[in-house]
Every structure is written in C-alpha cells, then in structure tokens.
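Pasting the sequence and the predicted coordinates here, then a few questions.
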Amino acid sequence: QVQLVESGGGLVQPGGSLRLACAASGRTFSNYVMGWFRQAPGKEREFVARISWLPGRIYYADSVKGRFTISRDNAKNTVYLQMNSLKPEDTAVYYCAKSLPGYSGSYNNTRGYEYWGQGTQVTVSS
C-alpha cells in the first residue's frame, strides 16, 4: 500500500508562486512515474505534469509549460511542483499520483495511476 500526502497549497495573488510537495510512504516510488493533476469546480481532473524515474523524462501540460516545474527526490520519496506566475485559471485542487504498473497508455491520462493523494487547494485571486 502506498500513501501520498500533498502539502503547500494556499491562497496566492496572481503572479505569485507556490511550491507543492507530495510525500510518499509505503513502497518506494523511485521506479514509477509520478504525476500532478488538478481539478477545478465543475471540471474534469486534468493533467498538469509528470516525471519518470528516467532522467529527462518530464512532461507538462501546455497550459503550465514555462511556469511550472516538476521535480523529485527519490531519497526523500517526495515529488514537488514549483508553480510560478500563477493565474486565476490555475485555481483548483491539485493531486499527486503514482503510476499503475504495466500501464501501456499515456501517463497524461488519469487511468495511468493507481494511487492518489487527498489533494491540496490552490487558489489564485487578488
């Protein structure tokens, strides 16, 4: 069993920054893809960013490219999402997730993940 716990959310003004963290416990997560997704009220959960255990395998949604940075510290079993130049449309609950072993589809899809955190609220407003 794996537990994922997000932290770092909050209220920030447009143009501000936040850093989210996702701490994993249980099995090691070093050999898995870790993803960040978000869900705004009334909308479906959408892909934000993901990072593989392989160096250089990092992908972002077009909406956050150039503003968000995903990273991981395998020794600490933690994945981060640095969010800069935040916009009101970034407001959502942000979730981290651990990939499903053997999944053959795109890890931009929620179906590629088997464990999810409880989410952390990010609100961008003046």
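It's in.

which SS class is residue 69?
Of the three states, residue 69 takes strand under DSSP: H, G, I helix; E, B strand; the rest coil.

That one: what's it in contact with?
Counting by C-beta atoms under 8 Å, 6 or more residues apart in numbering, residue 69 touches 81-82, 84. No exception for glycine: its C-beta is placed from N, CA and C like everyone else's.

again, but for residue 105
By C-beta under 8 Å, 6+ apart, residue 105 lies in contact with 111-112.

Span of stretch 82-102 from start to end?
Using C-alpha to C-alpha, to the nearest Å, one end of stretch 82-102 lies 29 Å from the other.

Check stretch 78-94 too.
15 Å.

List the buried residues for it?
By neighbour count on 16 or more other C-beta atoms under 10 Å, the buried set for stretch 78-94 is 78-81, 83, 86, 90-94.

farthest-separated two in the residues you listed?
Within the buried residues of stretch 78-94, two members stand farthest from each other by C-beta to C-beta: 78 and 91, at 24.0 Å.

Distance from the chain centre to the helix or strand residue 22 falls within, please.
Per DSSP states H and E, residue 22 falls inside strand 18-26. Computed by C-alpha atoms, centre = their mean, to the nearest Å, the chain-centroid distance of strand 18-26 equals 9 Å.

quick check: mean pLDDT across the helix or strand just after it?
Proceeding N to C from strand 18-26, the next assigned helix or strand is strand 34-39, under DSSP H and E. For strand 34-39, mean pLDDT rounds to 97.

quick one: the helix or strand just after strand 34-39 to strand 18-26, angle?
Moving toward the C-terminus from strand 34-39, the next helix or strand (DSSP H and E) is strand 46-51. Interaxial angle, strand 46-51 versus strand 18-26 (axes from the mean of the first three to the mean of the last three C-alpha atoms, to 10 degrees): 70 degrees.

Assign a three-state SS to residue 82, would you?
Using three-state DSSP, the structure places residue 82 in strand.

ok, and the closest non-adjacent residue to the residue nearest the centre of the chain?
Nearest to the mean C-alpha position of the chain, counting by C-alpha atoms, centre = their mean, stands residue 36 at 1.8 Å. Leaving aside its sequence neighbours, residue 36 sits nearest to residue 48 (C-beta to C-beta, 6 or more residues apart in numbering; 4.3 Å).
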